[in-house]
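>>> below are the sequence and a predicted model; questions follow.
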Amino acid sequence: MKDHYSLVIVGAGPAGLAAAVNAAHHGLDVALLDEQPAPGGQIYRAIESIPAERSSLLGAEYQRGSELVSVLRDSSIEYYPDTQVWSLNRKLEIGLVCSNTAAMITANQILLANGAMERPLPFPGWTLPGVMNAGAGQILFKAHGIVPADGVVLAGSGPLLLLLAWQYLHAGVKIKAILDLTPVHNHLRALPYLPRALLAGHYLMKGMAYKKELKRAGISTLHNISELRASGREQLESISFRQNGRQHVLETELLLTHFGVIPHTQLSRAAGCRHDWDSSQQCWRPQLDEWGNSSIDGILIAGDGGGIGGARTAEHAGRLAALEALHQLAKIDQRQRDRLGRKDRKWMREDLHVRPFLEAFFHIPGKLLRVPDDGTIVCRCEEVTAGEIRMAVANGHSDSNQVKFQTRCGMGPCQGRQCADVVENIIAATGGDSIARGGHYRGRPPVTPLTLGQLASLYPEEKE
Amino acid sequence: MKPDVLIIGGGLMGFSVALQLVKRGTRCKVLDKDSAGRHASGVNAGGLRQLNRHPAEIPISVAAADMWHNIESLVDSDCDTRFPGQIRVAENAEDMQLLEGRAAMVRGLGFEHEEIIDRDELYRLVPALAPHCKGALICRNDGYGRPFHALDAFRRKALSLGVEYHASVRADAIEHNGNEWCVSSEKGEFRAPVLVNCAGAWAARVAAALGESVPLKPGAPMLMITERLPRFIEPVIGAASRKLSFKQMQNGTLLIGGAHMAELDFEHQTTDMDWAKLALSARTVMALFPQLENVRIVRTWAGIEAFMPDNLPVIGRSSRSPYAYHAFGFSAHGFQLSPVVGKIISQLILDERTEFPIEPFNIQRFCKR
């Protein structure tokens, strides 16, 4: 690895791959840093190594990744797998660990293509062994072909839940039940966005086809579910929930939950980029212009890390951001940039037609986000409960950083990425500052843990 | 009701002053431009150290130590304090000589809290230490607390006794109109006959409004903290010839400081870590505890603090303005002094004198005639 590149891209999902290829095509020296062991991101995980049979189970959308990755392999791009970026600042210095060795490199332009993470949403019992994110279930399936034993229950709200159920169905898994926590009144909320969504109707058709197949296979989907609770002594034994005013209990040893995805903003936060609260996507997203420029000169953001748009949109945004980087580096002029970006911009706009509908349809109810049960753990690292957070607010700590100081919520190794939004929701609902004003945890690097030995190996010339 | 005293700065110093005043029946109002303990007070290393203080600070530091050992009687909370001692290790003969000289000097001033220990005693107290050390200087009743918890305890106790606190009030103008001070802010005017400047890194602005120009330099000392480890060390460790403050906190994490500064954007109140300096800190830790090589650092940060050119605080009356007092410029070692500073300022205000020797902290040392 060199200590300087014209363009450093973080993340090798659709946005990062498309951007890297586009930039390299125009002769830029590009380093592509990927925390995963192989290119593809979450969506095309293990695309190069997956057995054909499993790949066909995952569907055409998944297989699309092969082409992107093979272009990368044929290019001059320096690709670094298993590479964690633990620091980024406004001077465009990147702290990273590659193959267990720490390094500090710089770039003229940096593109963050970090993608999304599942929205953490604590509910009673969510920390029990046997309760997992649906995304984790999908990772195990894509990377290792591991599927749950029969009797798994899927619960939550969002397209991924449906997709995973459909994939499991095809892999021969017997799903005990799908619990849909989407409130029925979301249908009304989404209705005004339906005409526009029909312009990208293939997404809706696909969703309906999945539903039909699941129904035909006899998998019971229970709608309008609330008050989900997981119970068990050492591990998950049963779940309870409410449907249409009645309480139900299901025995299961595995519950996979999903509550939508939100942008991975740890690095953009660490760098100090400005972020806004998006009330439709119910998450923070970095402020970006139409080319992906963040509020910091030289830092571009593309893909779900800049706001949830899905894999296709990420690809377009990645190519557009690469054009902007080329323009900033004077490899192309503004006219060329605009001309070369025209198609991607058009396709991206078309692809995004479905989003407002999806966001309204899968809008997570405020009550769920507020974690009503005081005993529920919000911060897994430091074992802080919703009740302790409410208590801190009652004692005059009215923003999330004060709550963090007081309760240690968010001070563990995950750096608060699991609890930050939850804490803000609780504070806003408990009478502290609103989400937008109460602010987010201040970034405290390293973004990913770094050992003392790794840090000690840096800047050997520095003396007392 | 109009207060008797306006305190600018809702950090530990401000609330300590307010607490001592309200205990003697004085009405106080604390104004803070952000939230309580937002800067140095809330995010410092929490050291309760008399060891290796500047001679001028020794008397008040020793008095403060007494107060910390009984802190619960003052603020109804132990502030999560521990007193396993603080140690300054000598890594070679030269270090040892330095520390012996220091111990003799402190004894010469009539204080007994710092003593030399030999190699055997050092390794009995800190078996985890790398084997090359020769001995150490120790203060056995030193320790540490949790700063934000201490701040919170001081704040809550002060409020429970009737102190008024206003967050997000930035003092835009400070004027003395006839018989009282008037502090104007976006949230209105605040008036009182007496003013106390506890504004930390922003104290030079308040001092300027009182007609005093001070060479205060804001700085942001960096700290880092590791994942939790099984308990392996009790005392707080420093080194005679290296920049280091090292302790295992109550919950097992290691807190590492070394008085290295982050890059500070004072205007925007943001800091960028200086990784070159933190790398140096990591090398220092590994020289003394090589077994920690694979321990993960989970967080680094830097709080904004006021530094004076002589690293001594300003504590006392304003030299220019009537009924105005200063307590700022603690230069990254104010946490331990905070209880006694409250006492000193309250005595100056209510008794017009204090039992403590504070002449070295007079603001006039910076005001050239």
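Good, I have the coordinates. Residues are numbered from 1 along each chain as shown, chains lettered A, B, ... in the order given.
>>> switch to C-alpha atoms for all contacts and neighbour counts from now on
Will do.
>>> give me the buried positions along the strand or helix carrying residue A:348.
With elements taken from DSSP states H and E, the one containing residue A:348 is helix A:334-351. Neighbour-count burial for helix A:334-351, counted by 16 or more other C-alpha atoms under 10 Å in any protein chain shown, picks out A:337, A:338, A:341, A:344, A:345, A:348, A:351.
>>> average pLDDT for stretch A:222-230?
Average pLDDT, stretch A:222-230: 96.
>>> again with stretch A:289-302
98.
>>> buried sites along it?
Applying 16+ other C-alpha under 10 Å to stretch A:289-302 flags A:291, A:292, A:293, A:294, A:295, A:296, A:298, A:299, A:300, A:301, A:302 as buried.
>>> quick check: end-to-end length of it?
11 Å (C-alpha to C-alpha, to the nearest Å).
>>> that one and chain B in contact?
No - using C-alpha under 8 Å from any C-alpha of the partner chain, stretch A:289-302 stays clear of chain B, coming no nearer than 14.1 Å.
>>> could you do stretch A:87-106 as well?
Yes - for stretch A:87-106 and chain B, the contact criterion (C-alpha under 8 Å from any C-alpha) is met by residue A:89.
>>> got the residues of chain B near chain A?
Counting by C-alpha under 8 Å from any C-alpha, the residues of chain B near chain A are B:38, B:42, B:148-149, B:227, B:242-243, B:272, B:276-283, B:286, B:292-301.
>>> okay, strands next: where are they in the stretch 201-350 of chain A?
A:221-222, A:225-231, A:238-243, A:246-251, A:255-258, A:261-263, A:275-278, A:283-286, A:299-301 (DSSP state E, counting those that start in this stretch).
>>> which helices and strands sit right next to the fifth one?
Using 3 or more C-alpha pairs under 8 Å, 6 or more residues apart in numbering or on different chains; DSSP states H and E, the elements in contact with strand A:255-258 are strand A:131-133, helix A:134-144, strand A:152-156, helix A:159-170.
>>> now with 6 Å, please.
If you count contacts as 3 or more C-alpha pairs under 6 Å, 6 or more residues apart in numbering or on different chains; DSSP states H and E, strand A:255-258 packs onto strand A:131-133, helix A:134-144, strand A:152-156.
>>> pLDDT weak spots in chain A?
Filtered on pLDDT under 70, chain A yields the residue ranges A:432-433, A:436-438.
>>> ok, back up a step: quick check, nearest of the buried residues of helix A:334-351 to chain B?
residue A:337 (33.3 Å; C-alpha to the nearest C-alpha).
>>> from residue A:115, how far out is the nearest residue in space to the closest one that is not next to it in sequence?
With C-alpha to C-alpha, 6 or more residues apart in numbering or on different chains as the criterion, residue A:337 has its nearest non-adjacent residue at 5.7 Å, and that residue is residue A:323. According to C-alpha to C-alpha, residue A:323 stands 19 Å off from residue A:115.
>>> between the two, who's got more neighbours?
Set residue A:323 next to residue A:115 and count neighbours by other C-alpha atoms under 10 Å in any protein chain shown: residue A:115 wins out with 32 against 26.
>>> got phi/psi on the more buried one?
phi 80, psi -160 (degrees, to the nearest 10).
>>> do residue B:281 as well
According to degrees, to the nearest 10, residue B:281 has phi -60, psi -40.
>>> quick one: the helix holding residue A:348 to chain centroid distance?
25 Å (C-alpha atoms, centre = their mean, to the nearest Å).
>>> okay, buried residues for the helix or strand that that helix is followed by please.
The C-terminal neighbour of helix A:334-351 among helices and strands, as given by DSSP H and E, is helix A:355-361. Within helix A:355-361, the residues scored as buried using 16+ other C-alpha under 10 Å are A:355, A:356, A:357, A:358, A:359, A:360, A:361.
>>> repeat for stretch B:60-68
B:60, B:61, B:62, B:64, B:65, B:67, B:68.
>>> and of those, the nearest to residue A:255?
residue B:68 (50.1 Å; C-alpha to C-alpha).
>>> tell me which element the closest one is part of?
helix B:58-69.
>>> doesn't residue B:17 belong to a helix?
Yes - the assignment for residue B:17 (DSSP: H, G, I helix; E, B strand; the rest coil) places it in a helix.
>>> if we ignore the residues flanking it in sequence, what's nearest residue A:227?
residue A:241 (5.1 Å).
>>> list the beta-bridge partners for the one you found.
Assessed by DSSP bridges, residue A:241 has beta-bridge partners residue A:248.
>>> surely it touches residue A:224?
No - in this structure, residue A:241 is not within contact of residue A:224 by C-alpha atoms under 6 Å, at 10.3 Å.
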